[in-house]
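A.B. asks: Got a sequence here, can you model it:
(chains A and B)
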Amino acid sequence: MIVRRHTSALRTLVLGVAIGLLVVAPAFGDSGGTNDEYPYSVEHAGISDATYWPPDAGIQYNGWKIYLSPAHHWGGYNYGCSTYIEDTAMVQAADEAAHGAGWDLRARGYYVRVGAADPDENVTRSNGWGSGSKRRHIAIHSNANPDSGGCTSSPDDTGTKAFYWSSSGKALAKSLLEKVGPASPGGESTTQADDLKKRNWHELTATSMVAAYLEAEFHDWSAGKNWLWAEQNWAWRIGWAVDTNLGYP
Amino acid sequence: MNAARRITILSMGLIVGIGVGLVWQATTGTGDPVGAAGNALPHDTQGTAVSGPSLAPAIQAQVESIQEISGPQFQACADLWVVTREQVKAETGNDGEGRKAADEARAACEQPVLDSYNAAIAEVLDRPDTSGEKARFEEICKGYVKSHPAALKAGDKGSIDSSLRGIQVYFADCAGEEGVQVAATANWKPVIGVPLPNQPTSIDDALQQVYTAWAGETTRGSIRQPIDPPSVLLSNSVLTVDFTQKFVDSIRFDHSGQLEPLLAEIGANAFQFQAVDSIVLSVDGDCLAFWRHAAFGSCETLLRDGTQ
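C.D. replies: Numbering: from 1, shown residues only, chains lettered A, B, ... in the order given. Prediction:
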């Protein structure tokens, strides 16, 4: 019995080592690839939202709808360091969170919709997407310091922040902050007082379901920008936050 | 062996595997090691001249290199999520339990990777800017804003903030900060100015329309926040737009895109009437943040676009 248990443990350990070696191996001689090209257009108003239905991927639907609303600025692109553009990067992050290779919201059984318009229109679309309480709305943005002028090596503020209006929204925002925050390179407040705030912004007050607003990281410092660009490494945490908030339905 | 124990052992194995791989990578020279804080990083560029408004390209490359190398490690943790979910789901018959265990395993797997490369990046970024290039850029940019009003009003060159397109702007009441002026030119016509819905019949009417337009603009913006319209006063050909106490959070002011439409509106119509020589923007508090967003940020965009 003991021998069998040790054999089983050893087999599991070897499996882990093997996976570790296999995944590191491709890095040799491979730059890892950078994502310099943006296939996404910011001018997506009028375009239909993308929807991701779990059964299409062989996943059982858990009964919840999640509307992701990536950043959109009417005044034009919102630049960060280098060629970072919040409006396109956050569309990519939302896509990754919805159905990316990181086993995200759809893989967890959620029916996901990614807004393709401006925030006003996204709110309208989100409100019109069925009824009932099993819906959530999450705005996904990246942040900037007021005096950075686009990029700075010494930002005043960094890290993840989340905003809410309702008490239920606060729980969702808190979950987003707690799951995304530890992964972002910037620092978060230990008391959460500076990072979890109540705001009467349109996407939080005009939505007919529980809503939260995520500022994933600041895009006006290099480490933040690089982290934001690698959305395949962190966007899964949005799904984790939703699952945690809803009790893994 | 229960699920938790199996996941723990699997995670340990994964970390050992990655560790062995990285050591091999470092010792055989087949890749750049992911350095912990304080470790020497390849391609040391201290003292290298920095060009442009951002980090030096060499430093930027270092930062990106660190993150690229971390990619496979993140993928390993993503793979662990899949394995764990299926394993626990099979054992418990509950997918939620599987996902929960998978999330925790993945996060635990990623944490050392995150700690490692964030520390490495911080080590690179915390090096002092010995070149002084950043300060030089800022001076160039400020000087550019002050001395090139003609270029600033050329709407076809880069993304220049509409608030500076030929409007004579003073920033007043800014503690500790010198007012910034951009001179107007006589033959200037607004490039972006949005016509008022009705032709104004008088200055007062124009201001009223501008005021109304502003109120409308405050209902737009990705961060939509109720903001009282500013007080507007025309006196001795100086139009004063007083924003003091109007903003709950001035940081969000520029981001929400509310300044540009207002100024374009004012600029277009006030100049039409040729009754306004200058516009004074009164803001409360952090003037530096206010004007740098409006001017310096635009200047940076302009230079970055190579249209100087």
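
A.B. asks: Give me the below-cutoff pLDDT ranges for chain A.
C.D. replies: Filtered on pLDDT under 70, chain A yields the residue ranges A:1-47, A:73-78, A:82-83, A:101-103, A:146-154, A:189-191.

A.B. asks: Show me the helices in it, by range?
C.D. replies: Listed in chain order, the helices of chain A (DSSP state H) span A:2-24, A:86-99, A:119-127, A:167-180, A:202-205, A:222-229, A:231-234, A:236-246.

A.B. asks: Run through who's touching the fourth one.
C.D. replies: Counting contacts by CB atoms under 8 Å, 6 or more residues apart in numbering or on different chains, the residues outside helix A:167-180 that touch it are A:136, A:138, A:160-164, A:188, A:192, A:195-196, A:198, A:204, A:210-214, A:216, A:234, A:237-238, A:240-242, A:244-245, B:107. Yep, even glycine has a C-beta here, placed from its N, CA and C like the rest.

A.B. asks: Name only those of these that count as buried.
C.D. replies: Buried by 16 or more other CB atoms under 10 Å in any protein chain shown: A:136, A:138, A:160-164, A:188, A:192, A:195-196, A:204, A:210-214, A:216, A:234, A:237-238, A:240-242, A:244-245, B:107, out of those.

A.B. asks: quick one: contacts for residue A:216?
C.D. replies: Applying CB under 8 Å, 6+ apart, the residues near residue A:216 are A:90, A:93, A:140, A:141, A:142, A:143, A:160, A:180, A:184, A:228, A:234.

A.B. asks: rerun that using 6 Å as the cut-off
C.D. replies: A:142, A:160, A:180 (CB atoms under 6 Å, 6 or more residues apart in numbering or on different chains).

A.B. asks: Residue A:127 - nearest residue in space that isn't next to it in sequence?
C.D. replies: Closest residue in space to residue A:127, ignoring its immediate chain neighbours: residue A:208 at 4.6 Å, by CB to CB, 6 or more residues apart in numbering or on different chains.

A.B. asks: so the one you found touches residue A:126, yeah?
C.D. replies: No. Applying CB atoms under 6 Å, one finds residue A:208 not in contact with residue A:126, separated by 7.9 Å.

A.B. asks: Counting neighbours, go ahead and name the busier of those two.
C.D. replies: More neighbours surround residue A:126 than the other of residue A:208 and residue A:126, with 29 against 13 (other CB atoms under 10 Å in any protein chain shown).

A.B. asks: my read: that one touches residue A:138, true?
C.D. replies: No. Judged on CB under 6 Å, residue A:126 makes no contact with residue A:138 at a distance of 9.7 Å.

A.B. asks: any common contacting residues for the two?
C.D. replies: By CB under 6 Å, 6+ apart, no residue touches both residue A:126 and residue A:138.

A.B. asks: ok so, going back, out of the helices of chain A, which comes closest to residue A:108?
C.D. replies: Nearest of the helices of chain A to residue A:108, taken as CB to CB: helix A:236-246 at 5.4 Å.

A.B. asks: tell me the contacts of the closest residue in space to residue A:186 that isn't next to it in sequence?
C.D. replies: Once flanking residues are discounted, residue A:186 sits nearest to residue A:158: 2.6 Å by CB to CB, 6+ apart. Taking CB under 6 Å, 6+ apart as the criterion, residue A:158 is in contact with A:186, A:187, A:218, A:224.

A.B. asks: dump the residue contacts of the second one.
C.D. replies: The reference is to residue A:187. For residue A:187, the contacting residues are A:158, A:159, by CB under 6 Å, 6+ apart.

A.B. asks: Roughly how far does it sit from residue A:196?
C.D. replies: 14 Å (CB to CB, to the nearest Å).

A.B. asks: could you measure residue A:207 against residue A:139, distance?
C.D. replies: 9 Å.

A.B. asks: Figure out which of the helices of chain A is closest to residue A:70.
C.D. replies: Among these, the nearest to residue A:70 by CB to CB is helix A:86-99 (3.9 Å).

A.B. asks: Which elements pack onto the closest one?
C.D. replies: If contacts are counted by 3 or more CB pairs under 6 Å, 6 or more residues apart in numbering or on different chains; DSSP states H and E, helix A:86-99 sits against strand A:65-70, strand A:111-114, strand A:135-143, helix A:231-234.

A.B. asks: would you turn these into a markdown table with distance to residue B:73?
C.D. replies: Shown next, in a markdown table, are the helices and strands packed on helix A:86-99 (distance: least, CB to CB, whole Å):
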| stretch | distance to residue B:73 |
| --- | --- |
| strand A:65-70 | 26 |
| strand A:111-114 | 27 |
| strand A:135-143 | 23 |
| helix A:231-234 | 9 |
